[in-house]
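> structure of the sequence below:
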Amino acid sequence: MSFSVAVPLAGALVTLEPLRLDHADELAVAVQDGRLHELWYTRVPSPDAMHDDVAARLAQHAAGRVVPWVLRRNADGAALGVTTFLNIREDNRRLEIGSTWIAASAQGTGVNTEAKLLQLSHAFDTLGCIAVELRTHWHNHRSRRAIAALGAKQDGVLRNHDVWRDGTVRDVVVFSVIDREWPTVRLGLTERLRALGAR
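Numbering: from 1, shown residues only. Got it, this is the predicted structure:
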């Protein structure tokens, strides 16, 4: 299977649906839960910019650069946010999971854990990746803790890597999971979900 093909990924708590333009209205509601777009260290679109953000992600997908999904909670069908495969390097059998945001009320509920389990399973078990990266802003401490809790290891910090929208410069913290670590990471994620009663 090509790395750029978008397929649904279903778990017990959440289903990742390939992003469509008609998801924009639901996502504009979801992003207001916690006002994620106001956090200075994120690039989360505002409700007013959601339609343009979804259209941009879909254009990048059509060009083979990203694979975007909507996270939908199975219990009530609510759209909770988005997550994406990006920096796809099929020739080197690696990609990044990123450009993810999840409504504040769904954080810490197991949704992110299961979404990452689904994405990592797809990357390693279906696509045959040898490495999967996860990146975040140096100052996004919650995200850094969440990535480490998944079982990813910190590779390093890319200093002055991005010029931010307000002109400040972002240091990027890079984590990864490699293929030989994946069986242990999968067990850890599955056990975390079992403890939440999701598996």
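
> which other helices and strands does the helix-or-strand element of the chain with minimal mean pLDDT contact?
Sorted by mean pLDDT, DSSP states H and E, the helices and strands of the chain end with helix 141-150, the least confident at a mean of 91. Here helix 141-150 touches helix 111-121, strand 131-137, strand 169-178, helix 182-195, going by 3 or more CB pairs under 8 Å, 6 or more residues apart in numbering; DSSP states H and E. Heads up, the C-betas are built off the backbone N, CA and C, glycines and all.

> one more time with 6 Å
Under the contact definition 3 or more CB pairs under 6 Å, 6 or more residues apart in numbering; DSSP states H and E, helix 141-150 sits against strand 131-137.

> buried set for the strand it packs on?
Buried positions in strand 131-137, judged by neighbour count with 16 or more other CB atoms under 10 Å: Ala131, Val132, Glu133, Leu134, Arg135, Thr136, His137.

> same check, this time on stretch 79-86
So, applying 16+ other CB under 10 Å, buried residues of stretch 79-86: Ala79, Leu80, Gly81, Val82, Thr83, Thr84, Phe85, Leu86.

> of the residues you listed, which belong to strands?
Among these, the ones falling in strands (DSSP state E) are Ala79, Leu80, Gly81, Val82, Thr83, Thr84, Phe85, Leu86.

> okay, those residues in JSON lines with pLDDT and distance to Ala55 next?
Below are those laid out as JSON lines (pLDDT from 0 to 100; distance: CB to CB, whole Å):
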{"residue": "Ala79", "pLDDT": "98", "distance to Ala55": "17"}
{"residue": "Leu80", "pLDDT": "98", "distance to Ala55": "20"}
{"residue": "Gly81", "pLDDT": "97", "distance to Ala55": "17"}
{"residue": "Val82", "pLDDT": "98", "distance to Ala55": "13"}
{"residue": "Thr83", "pLDDT": "98", "distance to Ala55": "18"}
{"residue": "Thr84", "pLDDT": "98", "distance to Ala55": "14"}
{"residue": "Phe85", "pLDDT": "98", "distance to Ala55": "18"}
{"residue": "Leu86", "pLDDT": "97", "distance to Ala55": "16"}
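
> Trp101: which of the residues you listed is nearest?
Taking CB to CB as the measure, Gly81 is the one of those closest to Trp101, at 4.7 Å.

> contacts for the least confident helix or strand of the chain, please.
Here helix 141-150 makes contact (CB atoms under 6 Å, 6 or more residues apart in numbering) with Lys116, Leu134, Thr136, Val173, Phe175.

> widest-spaced pair of the residues you listed?
Using CB to CB for every pair in the contacts of helix 141-150, the one that comes out farthest apart is Lys116 and Val173, at 16.3 Å.

> many thanks, I have nothing further to ask.
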